[in-house]
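> Only the shape, not the letters, is given here:
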């Protein structure tokens, strides 16, 4: 259910929310549970996953997030899975070309070191 982050969180947490709804006498507990599930999914899918995947491929987290969004728009779920390695391959290919190495630098997660302020 994690492949479709917007619908998957509701389907996968349906039984837990139904159980909370049936065992408590207040509506606030199921609403809080829904908020926790959605918040957890949003943080995991929009912040943690791009950072972890981007650090393994050595691609900028913003580039990974944009690749996920564009590929999901173009190809759906299969595109979301395939485009992250393709961005990594694109970055490596751009690094090999001397003319295009600037674009590889933009896709990378290297932090420039300022040599003037280095103590």
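Ah, there it is. Worth saying up front: this structure is predicted, and the values here are computed from it rather than measured.
> Against which helices or strands is the lengthiest helix in the chain packed?
Assignment by DSSP state H gives helix 77-96 as the longest helix of the chain. Helices and strands touching helix 77-96, by 3 or more Cβ pairs under 8 Å, 6 or more residues apart in numbering; DSSP states H and E, are helix 49-57, helix 61-75, helix 101-107. For the C-beta atoms, the positions are set from N, CA and C on the backbone; glycine is no exception.
> how about the ones you listed, which one is nearest residue 85?
When these are compared by Cβ to Cβ, helix 49-57 sits nearest residue 85, at 7.1 Å.
> Could you pull out the buried residues of stretch 21-41?
30, 33-34, 37, 41 (16 or more other Cβ atoms under 10 Å).
> right, I mislabeled it, should have said stretch 57-65
Within stretch 57-65, the residues scored as buried using 16+ other Cβ under 10 Å are 57, 59-61, 63-65.
> And stretch 68-80, by the same measure?
By 16+ other Cβ under 10 Å, the buried positions in stretch 68-80 come out as 68, 71-72, 79-80.
> surely residue 80 meets residue 68?
Yes. Here residue 80 lies in contact with residue 68, judged by Cβ atoms under 8 Å, at a distance of 5.3 Å.
> hmm, back to that, could you redo the helices and strands packed on helix 77-96 as TSV and give each row distance to residue 26?
Below are the helices and strands packed on helix 77-96 laid out as TSV (distance: least, Cβ to Cβ, whole Å):
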stretch	distance to residue 26
helix 49-57	34
helix 61-75	37
helix 101-107	49
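> ranking those by mean pLDDT, which is last?
Mean pLDDT per stretch puts helix 49-57 lowest among these, at a mean of 71.
> so residue 109 is in which element?
Using DSSP states H and E, no element contains residue 109; it sits outside every helix and strand.
> Tell me which residues touch the closest residue to it other than its chain neighbours, please.
In this structure, residue 109 finds its nearest non-sequential neighbour in residue 60, 4.9 Å apart by Cβ to Cβ, 6 or more residues apart in numbering. Counting by Cβ atoms under 8 Å, 6 or more residues apart in numbering, residue 60 makes contact with 54, 106-109.
> one step back: the longest helix of the chain: how far from the chain's middle?
How far helix 77-96 lies from its chain's middle: 14 Å, per Cα atoms, centre = their mean, to the nearest Å.
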